[in-house]
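# how would this look folded up:
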Amino acid sequence: MKNNLLFDFTVDKTIKTAFITKEFAAELPLVWDAFTKKELLDQWVAPKPWTSKTKDMNFEVGGRRFYAMVSPEGQERCAIQKYTSITPKTNFKLLNAFADEDGNAQLPGSDWDYSFSEQNGITKVSIAIYNESLERMEMMLEMGFKEGFTMSIDNLEELLETDQCIL
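Modelled structure (predicted):
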């Protein structure tokens, strides 16, 4: 069934925004948890062979997630997400930026807007990623953001098919 599920990744450089839409064969509460609980995020968000390590996370408006993508050699690339809006089970927004090892954001960052909906057991996640500068957006794309994000989504799809996703 997963082959029939929607996955779209579109970039509009004129408005410095990437749009991602993905359907999952899972109920909304489970998908919401996968995007908002550190125990689950760390299981899927890093493209293999990298891993994700959440250093601290407080999922509330004004809270943050400070995490690292860890290479197979142990090198860490840190980032910070500051939550700016949360409507449970339907939407959350955050500012995402690279960070140093102490959690200090390296601006400019990008604004992420996640929307969730479910119909007939299929949960749709729509993400709009607005970049303050075209240069940052192009740098992210050149670094392989689309390919890495696609691998992460595949990881999530695999996780949702297991019992590991239930906390």
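# Residue 94 bridge partners, please.
Counting by DSSP bridges, residue 94 forms beta bridges with residue 83, residue 112.
# Can you list the buried residues in stretch 86-95?
86, 92, 93, 94, 95 (16 or more other CB atoms under 10 Å). (Each C-beta comes from the backbone N, C-alpha and C, glycine too.)
# mind checking how far that stretch is from the chain centre?
How far stretch 86-95 lies from its chain's middle: 12 Å, per CA atoms, centre = their mean, to the nearest Å.
# end-to-end on that stretch?
Terminal residues of stretch 86-95 are spaced 13 Å apart (CA to CA, to the nearest Å).
# low-scoring pLDDT stretches of the chain, where are they?
Residues of the chain that meet the criterion pLDDT under 70 lie in 1-3, 163-167.
# Give me the neighbour count for residue 114.
For residue 114, the neighbour count with other CB atoms under 10 Å is 20.
# returning to what we had before: just give me the closest of the buried residues of stretch 86-95 to residue 15.
residue 93 (16.7 Å; CB to CB).
# who touches that closest one in this structure?
Contact partners of residue 93, counting by CB atoms under 8 Å, 6 or more residues apart in numbering, are 83, 84, 85, 86, 111, 112, 113, 114.
# Mind telling me what element the closest residue in space to the fourth one that isn't next to it in sequence is part of?
Closest residue in space to residue 86, ignoring its immediate chain neighbours: residue 92 at 4.6 Å, by CB to CB, 6 or more residues apart in numbering. Under DSSP states H and E, the secondary-structure element containing residue 92 is strand 91-99.
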